[in-house]
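1. Generate a structure from the sequence data that follows.
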Amino acid sequence: MFADRAKISIKSGKGGDGHVSFRREKYVPNGGPDGGDGGKGGDLIFAIDKGSNTLTDYRHKRKYAAEDGEQGGKRSRSGKSGQDLVLLVPEGTVIKELQSGKVIADMSGDNQRQTVLRGGRGGKGNQHFATATMQVPKYAQPGKPGMELEILLELKVIADVGLVGFPNVGKSTLLSRVSNADPKIANYHFTTLNPNLGVVDLDDGKGFVMADIPGLIEGASEGVGLGHEFLRHIERTKLLIHVVDAAGIEGRDSVDDVYKIQSELEAYNPQIARLPQVIAANKTDLIYDTSEDNGLTRLCQTFEPSMRIFPISGATGAGIKDLLYFVSNMLEELDEEPVIFQQEYFPEDEIIYLELPYTVERVDEFFVVEGPKIEKMLGFTNLDSEKGFAFFQRFLKESGIIDDLKDAGIEEGDTVKMYGLTFEYYD
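-> Numbering: from 1, shown residues only. Take a look at the predicted model:
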């Protein structure tokens with residue numbers, strides 16, 4: 001079964017804990033602290049696998065986690081960093097946050113590899129906490145937790161042109177005749193159960209990628225039938241070809257079919273319905289009605305000149321060359337940039353604003369802020385960089401921590417402690 005969607009849980013590695021130890025050497029009876037730092041947790045990375053065209057592997061396993069960092073050791077030895085986990089996906093895979101549906105990454109075009117979740121930083125060993133008044137620190141910083149996220153993987157095929165139409169109108173036959181694709185073809189409905197891609201090469205060296213989208217039915221945009229499972233595959237296309245049975249072999253009305261398909265596209269995504277479109281009036285070799293009421297004549301009267309009509313025959317090849325060159329010329333006039341879905345969800349920004357509890361209390365002359373929300377933020381924020389420190393300041397304000405510190409009576413110059421981090425407060 002073709003798999004183009006998968007729901008999985010991903011997690012980056014936890015940072016290793018810092019170590020508490022003291023030098024114990026001959027002739028050094030009271031050595032200082034020498035606890036090493038914990039290793040960084042592994043990152044969770046997505047990369048494109050050129051040889052894959054399905055998400056089947058992610059149907060069988062649902063949870064993926066990068067390796068945790070190792071704990072620091074004696075004699076200032078740092079723990080080993082956790083191994084990154086690289087998940088391979090087909091080109092065209094869009095990674096979304098499951099609940100909001102916002103795009104995290106579009107694995108296509110130049111984006112061949114992207115770090116989605118960063119591993120937690122390793123905790124500092126006790127050697128970092130020695131001071132003039134505290135020469136035997138028995139505290140080491142714990143490793144910072146990794147990030148965890150539930151995501152939806154969606155494969156959206158990358159094609160310039162999409163073939164749309166009801167079942168058994170000849171889309172697969174057309175694709176097989178004009179490209180290197182070898183789709184399954186038979187004279188019954190729903191022969192095509194997954195999108196087929198073919199490269200169309202023209203005599204002048206020009207070409208484009210065409211996708212045969214499985215046949216739609218009425219109500220597909222609302223989840224009826226098989227067609228709704230594949231509407232996502234035409235979101236990247238630049239141009240649509242409506243393939244209709246102009247001969248009405250099975251009693252279908254070709255004009256009505258175009259309207260119905262257009263209605264389904266509009267209901268699913270109005271932007272798709274506004275793409276440039278042409279009509280391929282197929283099976284013209286089987287039209288025996290010469291009256292003005294035949295399917296081909298009615299198509300021309302109804303849709304031209306707003307949509308070009310090309311009488312073709314997938315069986316004999318008649319008219320197909322004219323259709324392909326017209327489509328090729330239209331593509332040249334359109335934006336050559338591939339359709340890329342821009343990032344809308346930034347895990348490092350979003351995760352720390354989850355409704356997680358934290359506490360603000362006064363302990364002696366210090367104000368102590370603790371809780372999983374704080375720990376998560378410190379776990380993957382580099383406070384040594386200007387960007388990281390600005391993010392830290394924004395986090396304190398937008399999370400309500402600054403207001404809570406004021407309510408607790410903090411004043412300028414007072415000291416705040418957060419999981420081993422100490423700083424003076426200034427409004």
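
2. Assign Phe166 to helix, strand or coil.
-> coil (DSSP: H, G, I helix; E, B strand; the rest coil).

3. How much space separates it from Pro214?
-> 11 Å (CB to CB, to the nearest Å). Where you see a C-beta, it was placed from the backbone N, CA and C, and this is true even at glycine.

4. Ile279 too?
-> 19 Å.

5. quick one, which of the two is more surrounded?
-> Per other CB atoms under 10 Å, whichever of Ile279 and Pro214 has more neighbours is Ile279, with 28 against 24.

6. Show me what that one bridges to in the sheet.
-> Going by DSSP bridges, Ile279 is paired in beta bridges with His242, Ile309.

7. my read: it touches Ser306, true?
-> No: proximity of Ile279 to Ser306 does not meet the contact threshold set by CB atoms under 8 Å, at 10.3 Å.

8. helices and strands of this protein: which one bottoms out on pLDDT?
-> Within the chain, judged by mean pLDDT, DSSP states H and E, the helix or strand with the poorest mean is helix 372-379; its value is a mean of 68.

9. Could you look up the next helix or strand downstream of it?
-> Counting by DSSP states H and E, the next helix or strand C-terminal to helix 372-379 is helix 386-398.

10. Please point out which parts of that following helix sit buried.
-> Phe391, Phe392, Phe395, Leu396 (16 or more other CB atoms under 10 Å).

11. Stretch 73-82 now?
-> Per 16+ other CB under 10 Å, stretch 73-82 contains these buried residues: Gly73, Ser76, Arg77, Ser78, Gly79, Lys80, Ser81, Gly82.

12. separation between the first one and Gly35?
-> The reference is to Gly73. Distance, Gly73 to Gly35, by CB to CB: 8 Å.

13. Could you tell me which residues touch both of those two?
-> Residues touching both Gly73 and Gly35 by CB atoms under 8 Å, 6 or more residues apart in numbering: His19, Ser21.

14. Tell me which residues touch the nearest residue to Gly36 once chain neighbours are set aside, please.
-> In this structure, Gly36 finds its nearest non-sequential neighbour in Gly72, 3.3 Å apart by CB to CB, 6 or more residues apart in numbering. Shown in contact with Gly72 (CB under 8 Å, 6+ apart): 16-19, 35-39, 78-79, 122-123, 125, 140.

15. One more: Ala140?
-> Neighbours of Ala140 in contact, by CB under 8 Å, 6+ apart: Asp17, Gly18, His19, Val20, Gly35, Gly72, Gly123, Lys124, Gly125, Asn126, Phe129.

16. The first one - how many residues pack around it?
-> Burial of Asp17, expressed as a neighbour count using other CB under 10 Å, amounts to 25.

17. Alright, I will stop here.
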